[in-house]
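Visitor: predicted model, plus sequence, below.
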Amino acid sequence: MDRSQGIQLLRAISYSPTGHFRGIVQLNDYMEIVAGVGYDMWTPNSVQMHIWIPRPAEMTRSFIQEGFRYPFENGKGLVIGLTPGNNAAALRFNKRVGFKEVYRMRDAWSPGVDVVVQEMRREDCRWLRRKDELAEKATEADDKDSRSCRESTS
């Protein structure tokens, strides 16, 4: 993510980052941001994830996989999301990709609007499992092909 893309993401999600903010974006053929994920508030085992999807019809599954691969393969066991309780679309998306609601802070966003605390644990992340499953299947297929080749040359 370049600086201007980062600024665009931060403005869209109304977020003031720390100096440790990192992010990734998916671009379309016209170099427009399709989706962006920002990471901040890093702890030894967790990171907060901020998601922005201005063009949902163009977002790919591989971008979602990469969005979760980045924190989990960098040693984090937990990704945290803080979502305004009145952002129904974001809450639905988060649930659909596997986040679980763990707490609601009443009036934390603004009077009458809660902040919904959501988490995804590494062991529960189906986006990593899917990648691992595909790698396993590829290895199994390679092993099977190797056995077939050895048997046919015997």
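Guide: That came through fine. Numbers count the residues shown, from 1 in each chain.
Visitor: could you use CA atoms for every contact and neighbour count after this?
Guide: OK.
Visitor: for residue 105, see how far away residue 84 is.
Guide: From residue 84 across to residue 105, the span is 10 Å (C-alpha to C-alpha, to the nearest Å).
Visitor: between these two, which one's more packed in?
Guide: Neighbours per residue (other C-alpha atoms under 10 Å) separate residue 84 from residue 105, with residue 84 holding more: 20 against 14.
Visitor: need the longest strand for the protein.
Guide: As assigned by DSSP state E, the longest strand anywhere in the chain is strand 100-110.
Visitor: packing partners of that strand?
Guide: Counting contacts by 3 or more C-alpha pairs under 8 Å, 6 or more residues apart in numbering; DSSP states H and E, strand 100-110 packs against strand 113-121.
Visitor: got a list of contacts for the strand it packs on?
Guide: Outside of strand 113-121, the residues within contact range by C-alpha atoms under 8 Å, 6 or more residues apart in numbering are 77-86, 98-109.
Visitor: can you pull the buried residues of stretch 45-64?
Guide: Buried residues in stretch 45-64, counted by 16 or more other C-alpha atoms under 10 Å: 46, 47, 48, 49, 50, 51, 52, 53, 59, 63, 64.
Visitor: and if you look at stretch 103-116?
Guide: Neighbour counts over stretch 103-116 (16+ other C-alpha under 10 Å) mark 104, 109, 114, 115, 116 as buried.
Visitor: for residue 44, see how far away the third one is.
Guide: Distance, residue 114 to residue 44, using C-alpha to C-alpha: 27 Å.
Visitor: ok, now the fourth one?
Guide: In this structure, residue 115 lies at 23 Å from residue 44, with C-alpha to C-alpha as the measure.
Visitor: what of the first one?
Guide: The spacing between residue 104 and residue 44, counted by C-alpha to C-alpha, is 24 Å.
Visitor: good, wrapping up.
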